[in-house]
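**Q** Can you look at this prediction? I've put the sequence above it.
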Amino acid sequence: MSYIPGQPVTAVVQRVEIHKLRQGENLILGFSIGGGIDQDPSQNPFSEDKTDKGIYVTRISEGGPAEIAGLQIGDKIMQVNGWDMTMVTHDQARKRLTKRSEEVVRLLVTRQSLQKAVQQSMLS
Amino acid sequence: MREGACKLLAACSQREQALEATKSLLVCNSRILSYMGELQRRKEAQVLGKTGQRPSESSSPADRSPCRGRVCISDLRIPLMWKDTEYFKNKGDLHRWAVFLLLQLGEDIQDTETILVDRTLTDISFQNSILFTEAGPDFELRLELYGAYMEEEGALAAAPKRLATKLSSSLGRSSGKRVRASLENAGGSGTSPILLPTPTMGGPRYHLLAHTTLTLAAVQDGFRTHDLTLVSHEENPAWLPLYGSVCCRLVAQPLCLTQPTASGSLRVQQARELQDWAQVYGVLKGTNLFCYRHHEDADSGEEPLFTIEINKETRVRAGELDQAAGRPFTLSISNQYGEDKVTHTLQTESRGALQNWMEALWQLFFDMSQWKQCCDEIMRIETPAPRKPPQALAKQGSLYHEMAIEPLDDIAAVTDILAQREGVRLETPPPWLAMFTDQPAALPNPCSPTVAPALARTQPLPWGRPRTFSLDAVPPDHSPGASCLVAPLPPQRSPRSRGFCNKGPPHTWLQSPV
């Protein structure tokens, strides 16, 4: 999933629709993110390409809304409700996911197993 | 409703109220026009019907009309294209606009909330989702963006008189002239109290900025970008630099997918046993024929015995099979699964029942051909929450509104204000405060951004404007005993200092729960 700056990115994506859970005053999704253009990408344990500054899912709460929706650890988030997540800072990414006015977030995520599955089915 | 809106507009004193009232007026006018048009059309149809031209009398299959559906548009976002001198350097007066979207499908007109736009925004985002309930597959959803330019008179109107005169004399030439003119109009040589300038006749003027039309081809269970036709040009006071596209999620739910279209008791031939028939209660809903054991099971949410899929590839035939064996009123449904062809044979109670089922199935096939991609899967529509009354459009708060003009003696007071704004996040005194308590008088040069690299704080700002505060802030007074007002602000903004202090490559890989 490496990319060349300025060139369009092609990826096999999966749609994940997460309904936020209300916990007191907050709406939570039940996972943690890592990454961002202001972070050090070489410390990302999930990315294939160690210069990838995208947003990755680093932890999923058991039984939380994200797990129920099918999000998996190591997924790279490409888009949230139409907003791009491949070129954002860590804080911008967190804000886009935690908007109080939105109860549902629709993510486009990509994972290595998806890419491999598509490549294999194309070869066979 | 139109008269009410006019009266409300005349009574408006606040600028925000005037905007809302003008918008309601505009929407009302459009609705009245569209209803009158629809009335005209219906009258014409009635007249045509009476004079004997009745197209729909003979209901041949060619005149079948597709089922209605619900169309919902949400997450609307219109990107803006500011010149980089305007956006990054924030030069010049801050122009503000009020914008809203008008959406029309058939004769149903709905509007979105009003959003205040200035050059710190990159996109106009509308939070609400708009639902149209009576749409056909040939719908045309017209989207219109209206904007009104907001003049800058509000800022000084509320300020106390002495401060206002002081400010107006110290402002630059052109803005000072404008301000003085408005003050003189209102007060008359400064003796009487300053009044708000009266709004222009009829309130603020909205202009059409852009429009587009969306149809069934644009419907998808995902986010898409569409082109906008830009209408206004630079001379128009309400002109906004629009990028020329709009992003949204447009979904449609045809009723044939969500409502049951036919139901009744059936006898289904089991597997290959010609003699073995099971009595079931069938419900045709969407692309499935659910067969329940009993009539009551369909309503009580029980799982059906089995489900027969009905999609565009399904073949349905009425009753020639087994006619010889004396089984009338049968229909067979065949589906192709890869190499296998699976056929279910169903027997209905009577000829009338058979005709009903066939009719429902033909209607379903017709609807699927009309609604196309909407019938592949049910698209989710969240019911929009009832519209809250428009909250007072609050001005973007800034720290300067809360601080008095006199210089603060105590830096703790500044941190207190920050703490109040941020809530709990500032419980422990920030680490950089230690610098000042150790050496109060001998403060080094005001380049406090050099403190920033030592901190790995990525605290979000209390306000979201992309300004470099270190440039806006008051320069510190080096006289002994005076405090430095600059210091609190830049360290908080270390991730966003826009190259002003280049820290080198990042060393952290933060993780945040969401």
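**A** Cool, the structure landed.
**Q** So which elements touch the helix or strand harbouring B:Thr343?
**A** Using DSSP states H and E, B:Thr343 sits in strand B:340-347. Using 3 or more Cβ pairs under 8 Å, 6 or more residues apart in numbering or on different chains; DSSP states H and E, the elements in contact with strand B:340-347 are strand B:260-269, strand B:330-337. C-beta coordinates here come from the backbone N, C-alpha and C atoms, glycine included.
**Q** Quick check, pLDDT for A:Gln14.
**A** What the model reports as pLDDT for A:Gln14 is 90.
**Q** If you could redo that for B:Asp367, that was the one I meant.
**A** As predicted, B:Asp367 sits at a pLDDT of 88.
**Q** quick check, it in a helix?
**A** Yes. Counting by DSSP: H, G, I helix; E, B strand; the rest coil, one finds B:Asp367 located in a helix.
**Q** Now do the residue of the stretch 301-450 of chain B at minimum distance from chain A: how many residues are near it, please.
**A** Chain A sits closest to B:Glu382 of the stretch 301-450 of chain B, with a gap of 6.1 Å, by Cβ to the nearest Cβ. Residues lying near B:Glu382 (other Cβ atoms under 10 Å in any protein chain shown) number 14.
**Q** Same check on B:Leu105?
**A** Neighbour tally, B:Leu105, other Cβ under 10 Å: 21.
**Q** pretty sure it contacts B:Arg70?
**A** No. With contact defined as Cβ atoms under 8 Å, B:Leu105 does not count as touching B:Arg70 (10.8 Å).
**Q** overlap in contacts of these two?
**A** Shared contacts of B:Leu105 and B:Arg70, defined by Cβ atoms under 8 Å, 6 or more residues apart in numbering or on different chains, comprise B:Phe132, B:Ala135.
**Q** counting contacts, what elements does whichever strand or helix holds B:Asp299 pack onto?
**A** Secondary structure from DSSP H and E places B:Asp299 in helix B:295-300. Helix B:295-300 is packed against strand B:277-285, with contacts defined by 3+ Cβ pairs under 8 Å, 6+ apart.
**Q** partners of the strand it packs on, with directions?
**A** strand B:260-269 (antiparallel), strand B:288-292 (antiparallel) (DSSP bridges).
**Q** what's the angle between the last one and strand B:340-347?
**A** Pointing back at strand B:288-292 there. Going by axes from the mean of the first three to the mean of the last three Cα atoms, to 10 degrees, strand B:288-292 is angled at 60 degrees with respect to strand B:340-347.
**Q** go on, the first one?
**A** If you take the same axes, to 10 degrees, strand B:260-269 sits at 100 degrees to strand B:340-347.
**Q** pLDDT averaged over strand B:260-269, what's the number?
**A** pLDDT averaged over strand B:260-269 gives 82.
**Q** what sits up against it?
**A** Strand B:260-269 has contacts (Cβ under 8 Å, 6+ apart) with B:276-285, B:291, B:295, B:298, B:344-349, B:353, B:356-357, B:360-361, B:363-364.
**Q** got the CA positions of the longest helix belonging to chain A in PDB?
**A** Among the segments of chain A that qualify as a helix by DSSP state H, the longest is helix A:112-123. Taking C-alpha atoms only, helix A:112-123 is exported to PDB below (Å, rounded to 0.1, in the frame of the first residue of the first chain):
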ATOM      1  CA  GLN A 112      -3.600  -6.500   3.700                       C
ATOM      2  CA  SER A 113      -5.800  -9.700   3.800                       C
ATOM      3  CA  LEU A 114      -8.300  -8.000   1.500                       C
ATOM      4  CA  GLN A 115      -5.600  -6.900  -1.000                       C
ATOM      5  CA  LYS A 116      -4.100 -10.400  -1.000                       C
ATOM      6  CA  ALA A 117      -7.500 -12.100  -1.500                       C
ATOM      7  CA  VAL A 118      -8.300  -9.900  -4.500                       C
ATOM      8  CA  GLN A 119      -4.900 -10.500  -6.000                       C
ATOM      9  CA  GLN A 120      -5.300 -14.200  -5.600                       C
ATOM     10  CA  SER A 121      -8.700 -14.300  -7.100                       C
ATOM     11  CA  MET A 122      -7.500 -12.300 -10.000                       C
ATOM     12  CA  LEU A 123      -4.700 -14.700 -10.700                       C
END
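**Q** Is chain B within reach of it?
**A** No. Using Cβ under 8 Å from any Cβ of the partner chain, helix A:112-123 stays clear of chain B, coming no nearer than 15.4 Å.
**Q** Pull the distance from that helix to the chain's centre.
**A** Relative to its parent chain, helix A:112-123 has a centroid offset of 19 Å by Cα atoms, centre = their mean, to the nearest Å.
**Q** Can you tell me which of the helices and strands packed on strand B:340-347 is most buried?
**A** strand B:260-269 (a mean of 18; mean count of other Cβ atoms under 10 Å in any protein chain shown).
**Q** tell me the domain boundaries of chain B?
**A** The record's domain parsing of chain B by the TED database lists B:67-152+B:203-254, B:259-379.
**Q** closest to A:Lys76 out of those?
**A** domain B:67-152+B:203-254 (17.4 Å; Cβ to Cβ).
**Q** Low-confidence ranges, the chain, go.
**A** Just going to use chain A. Residue ranges of chain A with pLDDT under 70: A:1-3.
**Q** try chain B instead
**A** Chain B contains residues with pLDDT under 70 at B:1-15, B:51-62, B:86, B:90-92, B:152-204, B:270-275, B:319-328, B:383-503.
**Q** tell me which parts of it are close to chain A?
**A** Residues of chain B lying close to chain A by Cβ under 8 Å from any Cβ are B:75, B:77, B:127, B:221-223, B:247-249, B:380, B:382, B:458, B:460, B:495, B:505-514.
**Q** Remind me what the lengthiest helix in chain B packs against, helices and strands.
**A** Counting residues, the longest helix found in chain B (DSSP H) is helix B:15-50. Packing partners of helix B:15-50 (3+ Cβ pairs under 8 Å, 6+ apart): helix B:2-11, strand B:96-105, strand B:108-111, strand B:141-150.
**Q** relative to strand B:141-150, how tilted is the helix or strand following it?
**A** Proceeding N to C from helix B:15-50, the next assigned helix or strand is strand B:69-79, under DSSP H and E. Interaxial angle of strand B:69-79 relative to strand B:141-150 (the same axes, to 10 degrees): 40 degrees.
**Q** Let me know the next secondary structure element after the helix holding B:Asp299.
**A** Taking DSSP H and E, what comes next after helix B:295-300 is strand B:306-309.
**Q** Which elements pack onto the helix or strand just after that next one?
**A** Next in sequence after strand B:306-309, counting helices and strands by DSSP H and E, comes strand B:315-318. If contacts are counted by 3+ Cβ pairs under 8 Å, 6+ apart, strand B:315-318 sits against strand B:330-337, helix B:351-371.
**Q** Could you spell out the sheet neighbours of the shortest one, each with its direction?
**A** Taking DSSP bridges as the criterion, strand B:330-337 pairs within the sheet with strand B:315-318 (antiparallel), strand B:340-347 (antiparallel).
**Q** can you list contacts of it?
**A** Contacts of strand B:330-337 (Cβ under 8 Å, 6+ apart): B:289, B:308-311, B:313-319, B:321-322, B:341-348, B:354, B:357-358, B:361.
**Q** repeat that with 10 Å
**A** By Cβ atoms under 10 Å, 6 or more residues apart in numbering or on different chains, the residues outside strand B:330-337 that reach it are B:266-269, B:289, B:308-311, B:313-323, B:341-348, B:354, B:357-358, B:361.
**Q** and that strand with helix B:351-371, angle?
**A** 30 degrees.
**Q** what residue is smack in the middle of chain A?
**A** A:Ile77 (2.0 Å; Cα atoms, centre = their mean).
**Q** Give the full set of residues in contact with it.
**A** Residues in contact with A:Ile77 (Cβ under 10 Å, 6+ apart) are A:13, A:16, A:31, A:33, A:35, A:54-57, A:71, A:84-86, A:88, A:93, A:96-97, A:105, A:107-110.
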